[in-house]
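Asker: here's my sequence, what's the structure:
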Amino acid sequence: SHSHPFDSPDQPERVATYWGWTLAPATDEKGQLQGLVLSLLDMTETVRTEKRFETVLRTTTDGFWIVDPQGRIQDVNDSLAQMLGYSRDELLRMTVSDLEVVETPREVTQHLDKILALGHDRFESQLRRRDGTIIDSGASVSCPDIDGGLFFAFVRDITERKEAERALQEMAHDLGERVKELDCLYGISGLVETPGISLEEILQEAVELIPLAWRYPEVACARIILEGQEFTTENFAQSPWQQAADILMHGERCGAVQVGYLQERPESDDGPFLKEERNLLKAIAKRMGEITERMHAQQQVAQQHRYLQTVLDSLRHPFYVINAQDHTIEMANAAAHAGRSHGQRTCFALVHGRDQPCDMADNTCPLQEVLRTKKPVVVEHGHVDRDGRQRDMEVRGYPIADHEGNVVQMIEYALDITERKRAE
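Answerer: Residues are numbered from 1 along each chain as shown. Down below sits the predicted model:
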């Protein structure tokens, strides 16, 4: 039986057709050959389908192979040979296990049995090329119930896609690590803004935040040493896997921040630590120094304020610092508040019991005079004492200007001259 193309030279517009033919002997009852019987079968569509399939396999960029139930390679296309760096003849002497990286020979056999049972499968794996390099592959395998259980597989090189996925995963992981680091720094900065918090409380809460920003927080511990004081996480212990950064205050070392792992972890940039963690540790140490400087400065300011307030309270006459924009009292001594509510925040409410500033025509306002002249002034001004009685006061006002010369506050010192005025 043979198939052969038939052309029509006299009708070139007709395409070739393919016929399968069979010759069989025709004999009589004695077995003598009487002739030949020719049978013709139109195989045009079958041959064309086979040629189309061969063209697809030859031109596709995907690899293709046929494998028997024992994993032996029966056929491959040129794309697969080029993908793996072998010749076609070399591949036909090999098995799937010779190329497979992820699965062992036993697992390959089990996988083939599974495909045989299901009839198809799609999966990703890795194959080893002739030069030893490894590529990521995606396979689509079918096992039709023909040809004695052969496996037909299209194989695609997905190395670039997998590398992009791994790079994306690494970026996502790195982004997550950076978010943890920012959360740590943000958390430490937030502690400083907590009203009434002490430096010791800031340091203890900060040391609890630090391990959460490291790559393996479950085995991380931390310690802050500052000016002879020590603040640690509950699980802190010395270990071979530690890193530290100095805390500086006004350029001088005053302590250190330490982070460690209690168990061994894989090697990275700096022992088990990332280079970003080293940078974070330096940033935390720097922040601790800045916070300490700030807290010390605030303590000094508070101490100076208490000293100044004590000095002012020793004065027998009312003393104020008044904001020029809204008449609010920025500072006052005990004499100014004597017998009056500390809740009165403006000068006109405190000394006049009014809800509006003084009327210049009725009672010369020292603040308005200072704003007008930008010079020290002395005016006679009426105040109301705690019993509601009118008192004559000699008020001395002194301007406080900003860097542009604008009056922003006024220092006021008031002397009670009621008795002198009555004598006059």
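Asker: before we move on, which element is residue 258 in?
Answerer: In this structure, residue 258 is located in strand 252-261 according to DSSP states H and E.
Asker: go on, residue 367?
Answerer: With DSSP H and E as the test, residue 367 turns up in helix 366-373.
Asker: and that helix, which residues are buried?
Answerer: 366-371 (16 or more other C-beta atoms under 10 Å). Using the backbone N, CA and C atoms, a C-beta is placed for each residue, glycine as well.
Asker: out of these, which is nearest to residue 219?
Answerer: Nearest to residue 219 among the buried residues of helix 366-373, counting by C-beta to C-beta, is residue 367 at 64.6 Å.
Asker: how about the closest residue in space to that closest one that isn't next to it in sequence, what does it touch?
Answerer: Leaving aside its chain neighbours, residue 367 sits nearest to residue 410 (5.3 Å; criterion: C-beta to C-beta, 6 or more residues apart in numbering). Residue 410 makes contact with 321-322, 324, 366-367, 370, 397-400 under the criterion C-beta atoms under 8 Å, 6 or more residues apart in numbering.
Asker: dig out what residue 410 forms beta bridges with.
Answerer: residue 322, residue 399 (DSSP bridges).
Asker: where does the stretch 1-150 of the chain dip in pLDDT?
Answerer: Filtered on pLDDT under 70, the stretch 1-150 of the chain yields the residue ranges 1-15, 18, 44, 46-60, 146-148.
Asker: could you rerun that using 50?
Answerer: 1-2 (pLDDT under 50).
Asker: so where do the strands sit in it?
Answerer: 2-6, 17-27, 33-42, 63-67, 73-76, 120-128, 134-142 (DSSP state E, counting those that start in this stretch).
Asker: before we move on, the earlier item: next SSE downstream of the helix holding residue 367?
Answerer: Assigned by DSSP H and E, the successor of helix 366-373 is strand 377-384.
Asker: ok, that next one: who's next to it in the sheet?
Answerer: strand 390-401 (antiparallel).
Asker: CA atoms of the strand it pairs with as PDB?
Answerer: C-alpha atoms of strand 390-401 as PDB (Å, rounded to 0.1, in the frame of the first residue of the first chain):
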ATOM      1  CA  GLN A 390     -11.400 100.500  90.100                       C
ATOM      2  CA  ARG A 391      -7.700 101.000  90.700                       C
ATOM      3  CA  ASP A 392      -5.400 103.500  89.100                       C
ATOM      4  CA  MET A 393      -2.300 101.900  87.700                       C
ATOM      5  CA  GLU A 394       0.900 103.200  86.100                       C
ATOM      6  CA  VAL A 395       1.600 100.700  83.300                       C
ATOM      7  CA  ARG A 396       5.000 100.400  81.700                       C
ATOM      8  CA  GLY A 397       5.100  98.700  78.300                       C
ATOM      9  CA  TYR A 398       8.200  97.500  76.500                       C
ATOM     10  CA  PRO A 399       8.000  96.200  72.900                       C
ATOM     11  CA  ILE A 400       9.300  92.800  71.700                       C
ATOM     12  CA  ALA A 401      10.000  92.800  68.000                       C
END
